[in-house]
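Peer 1: quick one, what's the 3D model for this:
(one chain, ligands or ions: 1)
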Amino acid sequence: MKTIKFVIILSLLFNFVSAREKKPVYLDETKPIEERVEDALSRMTLNEKIAIIHAQSKFSSPGVARLGIPELWMSDGPHGIRPEVLWDEWEQAGWTNDSCIAFPALTCLASTWNEDLSLLYGQSIGEEARYREKDVLLGPGINIYRSPLNGRNFEYMGEDPYLASQIVVPYIKGVQQNGVAACVKHYALNNQETDRHTINVNVDDRALYEIYLPAFKAAVQKGGAWAIMGSYNRYQNQQGCHNERLLLEILRNEWGFDGAVVSDWGGVHNTMEAIKNGLDLEFGTWTDGLTMGATNSYDNYHFASSYLELIKKGEVGTEELDQKVRNVLRLNFRTAMNRIKPWGSMGSPEHAAAARKIAEEGIVLLKNEKNTLPIDLNKTEKIAVIGENAIKMMTVGGGSSSLKALYEISPLDGIKKRIGDLAQVVYARGYVGDASGSYNGVVTGQDLSDDRSPEELTKEALEVAEDADVVIFVGGLNKSQHQDSEGADRLSLDLPYNQDELIRKLADTNKSMVVVNISGNAVAMPWVNDVQAIVQGWFLGSETGNALASVLVGDANPSGKLPFTFPVKLEDNSAHSIGEFPGKDGQVHYKESIFVGYRWQEKENIEPLFSFGHGLSYTTFKYGKVTTDKKEMTMEGKITFSVDVTNSGMREGAEVVQLYIRDVKSSLTRPMKELKAFEKATLHPGETKSVTFTIDKSALSFFDADKHEWVAEPGNFEAIIGASSAEVKSKTTFILK
Ligand code: BGC
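Peer 2: Below you'll find the predicted structure:
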């Protein structure tokens with residue numbers, strides 16, 4: 001009897017072990033992902049399927065616990081890894097292990113015009129995301145810079161579709177190398193914050209395809225993005241998060257996107273549309289994306305009980321559901337269930353160095369008369385630093401991109417550290433802007449309260465400035481509401497807090513005046529001729545002060561170029577002259593069509609304050625004459641342009657050589673010229689490099705909305721080499737046969 005029992009137990013054990021040993025297909029890493037997805041799908045119940053397509057907390061969605069399929073965890077994005085919030089509240093979870101390196105804002109990354117640095121950015125932030133066990137990074141943002149009033153421009157990559165396309169691709173690849181998905185946002189036409197949940201964008205197809213979509217297309221087709229975030233706004237009277245044209249027709253059918261479409265937080269408004277029109281994952285419903293929350297509302301999501309009910313009533317089948325589940329599972333296999341992904345790392349010296357390098361290369365020297373910069377420390381005894389932004393921490397605030405940084409070096413601290421005892425550094429506040437410093441419970445810990453009157457503050461600043469060898473005014477915008485911040489737009493192009501007046505007074509007092517503008521947007525500079533040097537400083541993250549100081553004293557030679565136009569006044573921007581911003585009665589019309597940024601200013605012959613692509617160096621560059629390998633190009637062929645660029649100055653530097661194409665005669669109105677290639681060349685003093693660009697007909701094409709295709713028309717073209725869109729160095733003509 002005993003022996004029989006023993007044999008039965010043994011055989012049960014054997015069956016159990018062999019059953020466990022036989023890996024189900026979905027867990028078998030040697031099998032192709034699609035097979036694993038189908039296998040997992042076939043094992044799931046209806047309720048399990050519904051569960052994985054909507055959130056279970058502010059930033060996570062459930063897996064399938066029964067099958068060992070893990071949850072998906074998301075994080076903002078796009079400048080660092082957001083600190084942990086509570087399960088169902090926006091307030092801090094109070095973790096002490098979630099402080100990150102804050103990388104420079106994406107406007108700064110775009111200003112580097114350096115794809116290698118974009119890869120480094122993606123790799124570094126991807127490593128931080130991975131270390132924090134995030135599966136999806138909510139970024140990068142690539143909405144086109146249409147108006148300088150858009151509160152979120154600092155999270156995006158500027159006004160030009162080609163530049164944004166080139167910069168976004170390496171970022172995505174870098175992030176995804178870590179087994180973390182980049183969730184590219186906000187698809188599409190999210191170009192303002194005013195009425196962001198309801199505004200309906202009216203845009204013609206040509207502008208849609210030529211201006212607003214190319215960076216998203218590149219993100220999908222060249223970057224291979226695993227996720228994309230639907231936008232809050234409406235288009236063709238349908239929400240971006242369940243928009244038939246954008247999600248089904250274009251993203252899935254035209255571009256072949258195989259990733260998951262994630263809603264923006266609170267961007268889903270209609271269950272049936274969301275089911276039918278290509279949304280895969282619902283997040284943040286019953287919130288305004290920022291503050292409100294309704295405890296345990298997750299079961300009430302559109303993609304929860306509402307969806308189930310429609311299925312049970314027979315009003316929808318399960319075909320769309322299965323497709324959504326496939327997309328979510330695929331995302332899961334690529335990220336959470338990827339066993340060979342690296343471990344990541346956080347707060348490392350390498351990440352700090354990456355942040356600093358990107359900041360240094362993105363800073364743009366806008367103006368530099370009388371070689372005011374770099375500051376010559378041999379001839380400088382006293383440096384006056386003035387302005388609130390010299391001391392204000394900027395990584396906290398601005399909306400969902402707000403961070404809890406491991407550290408943040410202010411401009412003043414960076415300057416002081418770099419100068420040491422080589423000169424005296426004296427600070428005066430000059431004005432009080434916004435003394436607060438908190439976001440969703442993260443506090444800067446700075447006490448910036450100051451009871452002095454504006455007159456007292458000005459007086460002190462002028463006294464400090466008077467006998468200084470150089471005055472560095474660090475001002476601009478901040479992350480407060482109606483500045484560079486999510487949820488609202490700016491109210492004007494002007495600098496806030498009476499800074500214009502203060503700058504003028506300082507410039508009257510001391511001729512050696514440098515303005516460092518901290519912003520993610522263009523600002524008006526009515527004092528542009530009164531100051532000697534202007535530096536565009538962006539929001540630079542943890543390494544702000546170090547990067548700024550190294551540019552100011554010349555340890556780093558600036559090589560950033562503007563990713564958008566600085567207009568003299570608001571009306572010079574097309575959205576504010578012939579277009580509409582921010583629209584009315586729920587509608588905004590992009591009447592300017594494709595004429596956005598420099599495309600508009602050049603067409604109308606409007607002199608910009610600083611042009612797209614502009615940026616100076618501490619050295620000088622001489623351009624040769626552009627040559628071409630042929631005079632005639634066929635529709636199937638390619639053409640190559642070469643230009644010699646020489647560093648004609650005294651120190652090493654990098655120049656962004658830009659190729660613009662002009663269609664001399666066309667059946668449709670076209671911009672005077674459009675950026676079609678660029679290269680950043682680093683040159684030693686005296687060194688010459690031949691920069692070559694090869695293009696095909698895609699660089700010559702426009703989008704013909706009637707035919708719904710890209711068309712290159714035979715005829716004459718110009719290849720224009722510029723140091724900016726306005727500073728043309730050399731041109732040549734060629735013919736497309
Ligand atoms: C923003 C997104 C962000 C999300 C989650 C939304 O309000 O528009 O960019 O990723 O919140 O924080």
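Peer 1: report the beta-bridge partner residues of the closest residue to the ligand within the stretch 101-250 of the chain.
Peer 2: When distances are taken as Cβ to the nearest ligand atom, the stretch 101-250 of the chain reaches nearest to the ligand at residue 138, 3.7 Å away. In this view, the C-beta of every residue, glycine as well, is placed from N, C-alpha and C. Per DSSP bridges, the residues bridged to residue 138 are residue 76.
Peer 1: what helices and strands are in contact with the strand or helix carrying residue 417?
Peer 2: Using DSSP states H and E, residue 417 sits within helix 411-419. For helix 411-419, the packing partners by 3 or more Cβ pairs under 8 Å, 6 or more residues apart in numbering; DSSP states H and E come out as strand 382-386, strand 424-428, strand 470-476, helix 544-553.
Peer 1: okay, the angle between that helix and strand 470-476?
Peer 2: Computed by axes from the mean of the first three to the mean of the last three Cα atoms, to 10 degrees, the angle separating helix 411-419 from strand 470-476 equals 150 degrees.
Peer 1: circling back to that earlier point, so who does the residue of the stretch 101-250 of the chain closest to the ligand touch?
Peer 2: Listed by Cβ atoms under 8 Å, 6 or more residues apart in numbering, the contact partners of residue 138 are 74-78, 183, 185, 229, 262, 400.
Peer 1: please give the centre-to-centre distance between stretch 140-152 and its chain.
Peer 2: With Cα atoms, centre = their mean, to the nearest Å as the basis, stretch 140-152 stands 9 Å off its chain's centre.
Peer 1: what's the end-to-end length of that stretch?
Peer 2: Using Cα to Cα, to the nearest Å, the end-to-end distance of stretch 140-152 comes to 12 Å.
Peer 1: could you do stretch 525-545 as well?
Peer 2: End-to-end distance of stretch 525-545 (Cα to Cα): 23 Å.
Peer 1: is it correct that residue 170 is in contact with residue 114?
Peer 2: No: with contact defined as Cβ atoms under 8 Å, residue 170 does not reach residue 114; the gap is 9.3 Å.
Peer 1: the two: who's more crowded?
Peer 2: residue 114 (27 against 22; other Cβ atoms under 10 Å).
Peer 1: circling back to that earlier point, deepest-packed of the helices and strands packed on helix 411-419, please.
Peer 2: Comparing those by mean neighbour count (mean count of other Cβ atoms under 10 Å), strand 470-476 ranks first with a mean of 28.
Peer 1: packing partners of it?
Peer 2: Applying 3+ Cβ pairs under 8 Å, 6+ apart, one finds that strand 470-476 makes contact with strand 382-386, helix 411-419, helix 499-509, strand 513-518.
Peer 1: can we see that at 6 Å?
Peer 2: When contacts are defined as 3 or more Cβ pairs under 6 Å, 6 or more residues apart in numbering; DSSP states H and E, strand 470-476 packs onto strand 382-386, helix 499-509, strand 513-518.
Peer 1: what's the closest of these to the ligand?
Peer 2: Taking these one by one with Cβ to the nearest ligand atom, strand 513-518 is closest: 21.7 Å.
Peer 1: strand partners (parallel or antiparallel) of that closest one?
Peer 2: Partners of strand 513-518 in the sheet, by DSSP bridges, are strand 470-476 (parallel), strand 533-536 (parallel).
Peer 1: rewinding a little: dump the C-alpha coordinates for the helix holding residue 417 into PDB.
Peer 2: Written as PDB, here are the backbone C-alpha positions of helix 411-419 (Å, rounded to 0.1, in the frame of the first residue of the first chain):
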ATOM      1  CA  PRO A 411      23.400  80.300 -12.300                       C
ATOM      2  CA  LEU A 412      24.700  82.300  -9.400                       C
ATOM      3  CA  ASP A 413      26.200  79.300  -7.600                       C
ATOM      4  CA  GLY A 414      27.700  78.100 -10.900                       C
ATOM      5  CA  ILE A 415      29.300  81.400 -11.600                       C
ATOM      6  CA  LYS A 416      30.600  81.800  -8.100                       C
ATOM      7  CA  LYS A 417      32.000  78.300  -8.100                       C
ATOM      8  CA  ARG A 418      33.800  78.800 -11.500                       C
ATOM      9  CA  ILE A 419      35.100  82.300 -10.600                       C
END
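Peer 1: just the buried residues of that helix, please?
Peer 2: The neighbour-count check on helix 411-419 (16 or more other Cβ atoms under 10 Å) flags 411-416, 418-419 as buried.
Peer 1: closest one of these to the ligand?
Peer 2: residue 411 (27.2 Å).
Peer 1: can you pull the contacts of that closest one?
Peer 2: 390, 474, 545, 548 (Cβ atoms under 6 Å, 6 or more residues apart in numbering).
Peer 1: how about those residues in TSV, adding pLDDT and distance to the ligand?
Peer 2: Below are the contacts of residue 411 laid out as TSV (pLDDT from 0 to 100; distance: Cβ to the nearest ligand atom, whole Å):
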residue	pLDDT	distance to the ligand
390	98	29
474	99	28
545	98	27
548	98	27
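Peer 1: in CSV, list those along with distance to residue 96.
Peer 2: Formatted as CSV, those follow (distance: Cβ to Cβ, whole Å):
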residue, distance to residue 96
390, 29
474, 31
545, 25
548, 29
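Peer 1: what's the neighbour count on residue 462?
Peer 2: Neighbours around residue 462, by other Cβ under 10 Å: 20.
Peer 1: is it correct that it falls within a helix?
Peer 2: Yes: assessed with DSSP: H, G, I helix; E, B strand; the rest coil, residue 462 lies in a helix.
Peer 1: isn't it right next to residue 509, touching?
Peer 2: Yes: judged on Cβ atoms under 6 Å, residue 462 makes contact with residue 509 at a distance of 5.2 Å.
Peer 1: so how far is the helix holding residue 417 from its chain's centroid?
Peer 2: The chain centroid and the centroid of helix 411-419 are separated by 28 Å under Cα atoms, centre = their mean.
Peer 1: can you give me the angle that helix makes with helix 544-553?
Peer 2: Per the same axes, to 10 degrees, the angle that helix 411-419 makes with helix 544-553 is 60 degrees.
Peer 1: in the stretch 501-650 of the chain, what residue lies closest to the ligand?
Peer 2: In the stretch 501-650 of the chain, the residue found nearest to the ligand is residue 520; the distance is 14.5 Å by Cβ to the nearest ligand atom.
Peer 1: nearest residue to that residue in space, please, no chain neighbours.
Peer 2: Closest residue to residue 520 apart from its sequence neighbours, by Cβ to Cβ, 6 or more residues apart in numbering: residue 154 at 2.2 Å.
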